[in-house]
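Trainee: here's a sequence, model it:
(chains A and B)
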Number of protein chains: 2
Amino acid sequence: MPLLMIPVQEAYRIITANRTNWGTETIPLPLASRRILAEPITADRDFPPFDRVTMDGIAIALEAPITEGLFRMEATQYAGEAPKLITSRGSAIEVMTGAVLPSNTNTVIRYEDVTFSEYGNKRFAALNASVNPQQNVHHQGSDRQTGEVLLQPGIRLGSSEIGILASVGKAEVLVEKKPRIAIISTGDELVDIQVTPLPYQIRKSSGYQLAAALQEMGFASELFHLPDHPESLENKLGDLLQNFEILILTGGVSAGKKDFVPATLEKLGVQKQFHKVAQRPGKPVWFGVKSGKNAVFALPGNPVSTFACFLKYVRPYLLRETLTPMKAVLSERVVFKPELTYFLTVAASFNEEGRLIANPLKGSGSGDFANLLECTGFLELPADRSEFEAGEVFSYLSFRS
Amino acid sequence: MPLLMIPVQEAYRIITANRTNWGTETIPLPLASRRILAEPITADRDFPPFDRVTMDGIAIALEAPITEGLFRMEATQYAGEAPKLITSRGSAIEVMTGAVLPSNTNTVIRYEDVTFSEYGNKRFAALNASVNPQQNVHHQGSDRQTGEVLLQPGIRLGSSEIGILASVGKAEVLVEKKPRIAIISTGDELVDIQVTPLPYQIRKSSGYQLAAALQEMGFASELFHLPDHPESLENKLGDLLQNFEILILTGGVSAGKKDFVPATLEKLGVQKQFHKVAQRPGKPVWFGVKSGKNAVFALPGNPVSTFACFLKYVRPYLLRETLTPMKAVLSERVVFKPELTYFLTVAASFNEEGRLIANPLKGSGSGDFANLLECTGFLELPADRSEFEAGEVFSYLSFRS
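Mentor: Residues are numbered from 1 along each chain as shown, chains lettered A, B, ... in the order given. The predicted model follows:
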């Protein structure tokens, strides 16, 4: 039973090269969070769109710094009102933050720096600090100018991008369609979570874990379970390939006598891109595509293996180039002899030097998913070495996206 | 107009001290992602629940290491089957990953280390490697034992916790109820995003941005807009206090003549906990509570101020102690003279040393939300100093939760 393993980097390259587009759709802005943008977004007006008052106070016309002065108050300029005018240089208009700067003024003095007084029915503001021309004004177009590209297609929309889209009036936005995702567990030892298992059975758990991880990424999914039986697998997987673009299977991909998944997928026309990667855990991982429509990830069934493969291959497939690469510092010496990339389970946290320190967790291998409790991610130790020293830095796959 | 500012740490302490519980509810497990757990979770059986085969291969009984041997194959033990027995010490049972270890065996030899052959109708496996007793077996209870507490109340459920809950049969789980959240913008300069603004108007954007940030955290919210008018504010805010536990307002909290929000809230019985914090941006932030039911955050209206206050106060209020504290390294010298905590907009990324390096962004202050585009978060520079050197480490508020 030869193991024709490919390196992790090659598996990752194949995954990346086989990304598919599922088309685009226009959706209301409030639904666009975490979606991938499919159109360039330009400024439809200057940012800010007018000379904007940044402090509550008074607006005056000023050519050179002054340290004293008395201004006659003429009016109040509220936010949302058309710009007013001062009728003489010695006058001022009271202004509110967010208002347009009155037309023939150029400087705002904040309330803290003036004292108001009244004489008869006239109101005056006396300066009690030094003032420079142009202060407390956010000038039209100083951030971005009309027509400038603000957002490029391909980015993932976070909260600040949603704010920008709102500000340029994108009540609807063109985004990439999301694939329909099926999570399919296999393994006759698995029973439903409501069931009390027999002593040699265990409850399904990976499917729920993967669905939760997808949900955090903004993707919905549906859960299925198929028996370790070739005909039944073939029928059901055939249906699922029709109705879902992405299939994520767990279990049935190793060398066991009931590991029918790879052969069944190939029979159904899913073209194998790789099977078996030089890594631990997760060595038996299988990946294939069908007719430019389906991508099928068949992951090993042990929960830790499943999750390592999900984070290394499935997540970047779905999120494209929008994932932030993370690096962490190994906290203690680790020796791992096999010529395999080692996805070390770690608990990582920031130290006082702003370094993300990854502490290896003791575990009994890929089956130990109680271990996942303290675990925050995997440190990816490369295959070409067997000794890894405390203080060295490696790529880190965080559980949180 | 005196500024009775409190320090950022004091504001944060007040927020924390005023956290409220909104009760608990039992929900189906697939809906529990990102919810806060409200019950302790114990192991209902050992982890693993039986001596578990970890490799496809053959199971034998073995007392001491061996380097050669020939075993008569008696049966196959599949995952999900009740344990079988070998009838003599020289025999073996073929075993599949995930199966229970056959009753009177204790060691698994993987396929790669044996060669199968047949004589007559009998099948034999010849060892071609050295074998140690107990190898490739994951022993019952070696990870966790029945009755052990696996998860404590108060944690936020991520994908691995969901996996654990499934494995112990929690088809339903007790979690803290989520508050109903209203996001309320004020400011007469604001128009709807579908509208082409007049030259001195701008579109509403902060509400959409906050709603997206809440959605990433797993919280739904509803958007409202109220005019800068005291009676109207009072009526509508009165209704909203009835129907929502959390109110997040933007705008109307400063010293301007139309900044009616704080007075209106107090009139409605919302008890002010603080108003004005020694920070930039976001100084006018207001926080109050009502009758142990409502928490009201009134944030300044400039988008960058709004978001800094949201990340510093609202997010930790809602997520409690479940947020991972982050630290980042300032990449260049920054001088900031005012005695205020400075929330510096930065673009942060991991360097080759596993340090999160925060690069300050140029910006024109709190109104510059186009700046938020490159920004990944805020570096929190303390108020008691004015010079901050390259290489120093500070708390980092990441946009992503």
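Trainee: could you list every helix and strand that the helix or strand where residue A:316 lies packs against?
Mentor: For residue A:316, the enclosing helix or strand under DSSP states H and E is helix A:315-319. Applying 3 or more CB pairs under 8 Å, 6 or more residues apart in numbering or on different chains; DSSP states H and E, one finds that helix A:315-319 contacts helix A:8-17, helix A:206-217. C-betas here are computed from N, CA, C, even on glycine.
Trainee: alpha carbons of that helix, as PDB, please.
Mentor: C-alpha atoms of helix A:315-319 as PDB (Å, rounded to 0.1, in the frame of the first residue of the first chain):
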ATOM      1  CA  ARG A 315     -10.900  27.900   4.700                       C
ATOM      2  CA  PRO A 316      -8.400  29.500   2.300                       C
ATOM      3  CA  TYR A 317     -10.200  28.000  -0.600                       C
ATOM      4  CA  LEU A 318     -13.400  29.700   0.500                       C
ATOM      5  CA  LEU A 319     -11.900  33.000   1.700                       C
END
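Trainee: how far out from the middle of the chain is that helix?
Mentor: On the basis of CA atoms, centre = their mean, to the nearest Å, helix A:315-319 sits 10 Å off its chain's mean C-alpha point.
Trainee: do the same with stretch A:349-364
Mentor: 22 Å.
Trainee: circling back to that earlier point, as JSON lines, the helices and strands packed on helix A:315-319 with distance to residue B:45 would be great.
Mentor: Below are the helices and strands packed on helix A:315-319 laid out as JSON lines (distance: least, CB to CB, whole Å):
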{"stretch": "helix A:8-17", "distance to residue B:45": "35"}
{"stretch": "helix A:206-217", "distance to residue B:45": "18"}
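Trainee: kindly reformat the ones you listed as a markdown table containing mean neighbour count, distance to chain B and mean pLDDT.
Mentor: Formatted as a markdown table, the helices and strands packed on helix A:315-319 follow (neighbours: other CB atoms under 10 Å in any protein chain shown; distance: least, CB to the nearest CB, whole Å; pLDDT from 0 to 100):
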| stretch | mean neighbour count | distance to chain B | mean pLDDT |
| --- | --- | --- | --- |
| helix A:8-17 | 16 | 18 | 97 |
| helix A:206-217 | 24 | 3 | 96 |
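Trainee: now do stretch A:138-158, average pLDDT.
Mentor: Throughout stretch A:138-158, pLDDT has a mean value of 93.
Trainee: list the buried residues of it.
Mentor: Residues A:138, A:140-144, A:150-151, A:155-158 are the ones in stretch A:138-158 that count as buried (16 or more other CB atoms under 10 Å in any protein chain shown).
Trainee: can you list those residues in JSON lines and add distance to chain B and secondary structure?
Mentor: Below are the buried residues of stretch A:138-158 laid out as JSON lines (distance: CB to the nearest CB, whole Å; DSSP: H, G, I helix; E, B strand; the rest coil):
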{"residue": "A:138", "distance to chain B": "5", "secondary structure": "strand"}
{"residue": "A:140", "distance to chain B": "9", "secondary structure": "coil"}
{"residue": "A:141", "distance to chain B": "11", "secondary structure": "coil"}
{"residue": "A:142", "distance to chain B": "6", "secondary structure": "coil"}
{"residue": "A:143", "distance to chain B": "4", "secondary structure": "coil"}
{"residue": "A:144", "distance to chain B": "5", "secondary structure": "strand"}
{"residue": "A:150", "distance to chain B": "6", "secondary structure": "strand"}
{"residue": "A:151", "distance to chain B": "7", "secondary structure": "strand"}
{"residue": "A:155", "distance to chain B": "10", "secondary structure": "coil"}
{"residue": "A:156", "distance to chain B": "10", "secondary structure": "strand"}
{"residue": "A:157", "distance to chain B": "8", "secondary structure": "coil"}
{"residue": "A:158", "distance to chain B": "6", "secondary structure": "coil"}
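Trainee: tell me which two in those are the farthest apart.
Mentor: Pairwise distances among the buried residues of stretch A:138-158 were taken by CB to CB; the largest, 30.7 Å, belongs to A:140 and A:156.
Trainee: ok now stretch A:345-355, how far from the chain's centre?
Mentor: 20 Å.
Trainee: tell me if the longest helix belonging to chain A is near chain B.
Mentor: Across chain A, the longest stretch assigned as helix under DSSP state H is helix A:230-243. No: Helix A:230-243 is not in contact with chain B by CB under 8 Å from any CB of the partner chain; minimum separation 14.0 Å.
Trainee: give the other helices and strands that that helix contacts.
Mentor: Checking 3+ CB pairs under 8 Å, 6+ apart, helix A:230-243 ends up next to strand A:181-186, strand A:222-226, strand A:246-250, helix A:261-267.
Trainee: possible to save those as CSV with mean neighbour count?
Mentor: Compiled in CSV, the helices and strands packed on helix A:230-243 are given as follows (neighbours: other CB atoms under 10 Å in any protein chain shown):
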stretch, mean neighbour count
strand A:181-186, 23
strand A:222-226, 17
strand A:246-250, 26
helix A:261-267, 20
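Trainee: need those in TSV with distance to chain B, can you?
Mentor: Below are the helices and strands packed on helix A:230-243 laid out as TSV (distance: least, CB to the nearest CB, whole Å):
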stretch	distance to chain B
strand A:181-186	10
strand A:222-226	8
strand A:246-250	11
helix A:261-267	13
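Trainee: what would these look like in TSV with distance to residue A:304?
Mentor: Converted to TSV, the helices and strands packed on helix A:230-243 look like this (distance: least, CB to CB, whole Å):
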stretch	distance to residue A:304
strand A:181-186	15
strand A:222-226	20
strand A:246-250	12
helix A:261-267	19
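Trainee: how about these in a markdown table, adding distance to residue A:129 and mean pLDDT?
Mentor: What follows is the helices and strands packed on helix A:230-243, written out as a markdown table (distance: least, CB to CB, whole Å; pLDDT from 0 to 100):
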| stretch | distance to residue A:129 | mean pLDDT |
| --- | --- | --- |
| strand A:181-186 | 61 | 97 |
| strand A:222-226 | 65 | 97 |
| strand A:246-250 | 63 | 98 |
| helix A:261-267 | 75 | 96 |
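Trainee: quick one: which of those is nearest residue B:78?
Mentor: strand A:181-186 (12.3 Å).
Trainee: what's the angle from that closest one to helix A:230-243?
Mentor: Interaxial angle, strand A:181-186 versus helix A:230-243 (axes from the mean of the first three to the mean of the last three CA atoms, to 10 degrees): 170 degrees.
Trainee: who touches strand A:181-186?
Mentor: A:204, A:206-207, A:210-211, A:214, A:219-228, A:233, A:237, A:240, A:243-252, A:261, A:301 (CB atoms under 8 Å, 6 or more residues apart in numbering or on different chains).
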